[in-house]
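[1] model this:
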Amino acid sequence: MVTLKFPFTFVDRLKAGFAITSACFGCLAWTLAFPAAGILLPVVSYVTSGYVSKLDIFLSAFLLVFMPAMILWNTWRGHKAFADTPMHTYTIDATGVRSKSAHIEMLQDWTVFRSVRRRSGFLMLFFTKQCAHCIPLRWLDPHQLSEIRALAISAGVSRVDV
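    Numbers count the residues shown, from 1 in each chain. The predicted model follows:
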């Protein structure tokens, strides 16, 4: 059994969001679509008309800034919702993964987990393609990682990259 208790900071939330987004091709494509449109808009405008209007510049700037602003805003909202209780407790054993904070307690059996992976400084326990428990690796020692790996493999998790 592995028990962890740690604070989940704003930076942890932001990095976890990027790690999950980059792990899902559809999520990454959707996230990059807005900045790509922001780059293409003035290029297409210039190629087709020979100049870039102020409206095109404004729309381009909006498209370039929109997704980073939304990511920061959603991360801030999530962080503020748990600001009064920053500590998170995880208990990982043969029965599954128990996640607990002052606001919620959740027990998930190993059968719901699709994969357990190390990614971008996190141990990520994916229970859907876009949802995972993200535990910062700095809170885990090598023995705990190997124990979690063994638990996931023995429970039959299909992909374990720890």
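[2] Walk me through the domains of this structure.
    Following automatic domain parsing, the chain resolves into domains at 2-9+85-161, 12-81.
[3] got JSON lines for those, with mean pLDDT and mean neighbour count too?
    Every residue, glycine included, has its C-beta placed from N, CA and C. What follows is the domains of the chain, written out as JSON lines (pLDDT from 0 to 100; neighbours: other CB atoms under 10 Å):
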{"stretch": "domain 2-9+85-161", "mean pLDDT": "92", "mean neighbour count": "16"}
{"stretch": "domain 12-81", "mean pLDDT": "90", "mean neighbour count": "14"}
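[4] In contact with residue 55, which residues?
    By CB atoms under 8 Å, 6 or more residues apart in numbering, no residues touch residue 55.
[5] Same question for residue 78.
    By CB under 8 Å, 6+ apart, the contact set of residue 78 is residue 13.
[6] Doesn't it lie inside a helix?
    Yes: judged by DSSP: H, G, I helix; E, B strand; the rest coil, residue 78 forms part of a helix.
[7] Do a quick rundown of the strands in this protein.
    Listed in chain order, the strands of the chain (DSSP state E) span 2-7, 87-93, 96-100, 105-109, 115-119, 122-126, 132-136, 159-161.
[8] quick one: strands adjacent to the fourth one?
    Each strand that pairs with strand 105-109, with its direction, by DSSP bridges: strand 96-100 (antiparallel).
[9] next one: the shortest one
    In the sheet containing strand 159-161, its partner strands are strand 115-119 (parallel), by DSSP bridges.
[10] So what touches the strand it pairs with?
    With CB under 8 Å, 6+ apart as the test, strand 115-119 has contacts from 19, 22-23, 123-126, 137, 145, 148-149, 152, 157-162.
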